[in-house]
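Participant: how would this look folded up:
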Amino acid sequence: MLSRKLLLCFFGFLATVFWGKQFFITSPVSKNSKSKLHYLTHTVAAVHDQKQCLVAATNNAALCNEEELPGNFAQILSEPKPKLKCGENGMQSPWKLNRHAWMIFVIKSSRNNSELRKVVRETWGSVLGLGGKFFGYMFVVGVDGVVSENLSIENSRHGDILECNVQETYRNLPLKMMAAFTWITKLRHMTTKFISVTDDDCVINSGLMLDEFERYGVTDDGNRIYCGYKYDEQLRPARNNNSKWHIPKELYPNKFYPGFCHGALWSLSPKIIKKLVCVFYFTEINQFHLEDVLITGILRRKVGGNITATKALENETLLVYHTGRKKDPASFMKKTWKEWKPEIIVGREKVEKRGNSG
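Facilitator: This is a model prediction of the structure:
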């Protein structure tokens, strides 16, 4: 008679093979037995995480009333949407990214914004470490149907661009960000505690950000998103057709959005990113193009996450300066960095050499 332990191992292996083949195996597995076991174990863990995520999302959606989430956003699709991809099939990937950094900045950019990326690298993006903690940086761009030699040269030099198979338009920003998050969930051996999302026309006060995270004991518990710029609890959808943020009533009928972080700066852990990615593929977003509302508001509410506003500091000092609609954002970014730089490095051991692995 087989021992109970042996039986459990046997049925565990059968479950691994069954679930792996049914859901996630899309390419041949290595002939090496250890590689097979590692791959299938990883596959089962992914399926388990997805099932947990969907159960939680279903329960949370059931608890949401119509005032919090409209029915189409609260529902769970019966089948997942096709997976979004980044850094594959000739697309650029951030080969210099420090996946062991304490915090990685995911910077929303576009293919043609090379000048703003240059300014970021020369200013706040030049700080790779403060006070014993390291930062990583990557710019997220979409595609436009044309292979860009300039983008390839830029990334071969800096290794900080993630190219995603999403058409490069403003209205596709939610898809581009969720594609980047999907890519992040696939990174192996990543020990990063926080991911911070910002724009390529912003300047981040990384020293103050580090201080605030330590002062308030910010943790990567997988259930919270931190607003570093602006938090809105009851913002009404813009119904004006001429507005950049216009959302028609038939797309989002509710009077208010769920609480959300405005896009200039928000932070979260890889743990909650996994939940958001999971539920995104089972949520019909139609043409909803406001990525900050969708991710930090709607999807965050759907996975049961909390939100914390962390902008207000003593002396009203900001964590981020957003140039917004200024005609020459690069100049304003350089000016702001010149003012902030002395404060950021005072009393802190600073690393300022791009490519440092930490």
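
Participant: from memory L294 sits against I285, does it?
Facilitator: Yes: at 6.2 Å, L294 and I285 qualify as touching, with contact defined as Cβ atoms under 8 Å. In this view, the C-beta of every residue, glycine as well, is placed from N, C-alpha and C.

Participant: need the overlap of contacts for these two.
Facilitator: P174 (Cβ atoms under 8 Å, 6 or more residues apart in numbering).

Participant: those two: which is more packed in?
Facilitator: Looking at L294 and I285 with other Cβ atoms under 10 Å, you find the greater number of neighbours at L294, namely 24 against 17.

Participant: give me the number of residues near N242?
Facilitator: N242: 6 neighbours (other Cβ under 10 Å).

Participant: host element of it?
Facilitator: Assigned by DSSP states H and E, N242 falls within no helix or strand.

Participant: distance-wise, check it relative to F73.
Facilitator: 25 Å (Cβ to Cβ, to the nearest Å).

Participant: same check on R300?
Facilitator: Taking Cβ to Cβ as the measure, R300 falls 12 Å from F73.

Participant: where along the stretch 101-250 of the chain do the helices fall?
Facilitator: Counting by DSSP state H, counting those that start in this stretch, the stretch 101-250 of the chain has these helices, from start to end: 114-122, 149-158, 173-185, 206-215.

Participant: mind putting those helices into CSV with distance to P342 and mean pLDDT?
Facilitator: Shown next, in CSV, are the helices of the stretch 101-250 of the chain (distance: least, Cβ to Cβ, whole Å; pLDDT from 0 to 100):
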stretch, distance to P342, mean pLDDT
helix 114-122, 16, 98
helix 149-158, 26, 96
helix 173-185, 33, 98
helix 206-215, 10, 88
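
Participant: so which of these gets nearest K271?
Facilitator: helix 173-185 (10.2 Å; Cβ to Cβ).

Participant: so how far is that closest one off the chain centroid?
Facilitator: Remark: helix 173-185 is offset 6 Å from the chain centroid, using Cα atoms, centre = their mean, to the nearest Å.

Participant: same check, this time on stretch 262-280
Facilitator: 5 Å.

Participant: cool, and stretch 155-163?
Facilitator: For stretch 155-163, the distance to the chain centre is 18 Å (Cα atoms, centre = their mean).

Participant: and for stretch 261-270?
Facilitator: 8 Å.

Participant: again, but for stretch 117-137
Facilitator: Worked out by Cα atoms, centre = their mean, stretch 117-137 lies 18 Å from the chain centre.

Participant: let's have the helices of the stretch 101-250 of the chain in TSV, adding distance to A101 and mean neighbour count.
Facilitator: Formatted as TSV, those follow (distance: least, Cβ to Cβ, whole Å; neighbours: other Cβ atoms under 10 Å):
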stretch	distance to A101	mean neighbour count
helix 114-122	16	18
helix 149-158	16	14
helix 173-185	12	23
helix 206-215	11	19
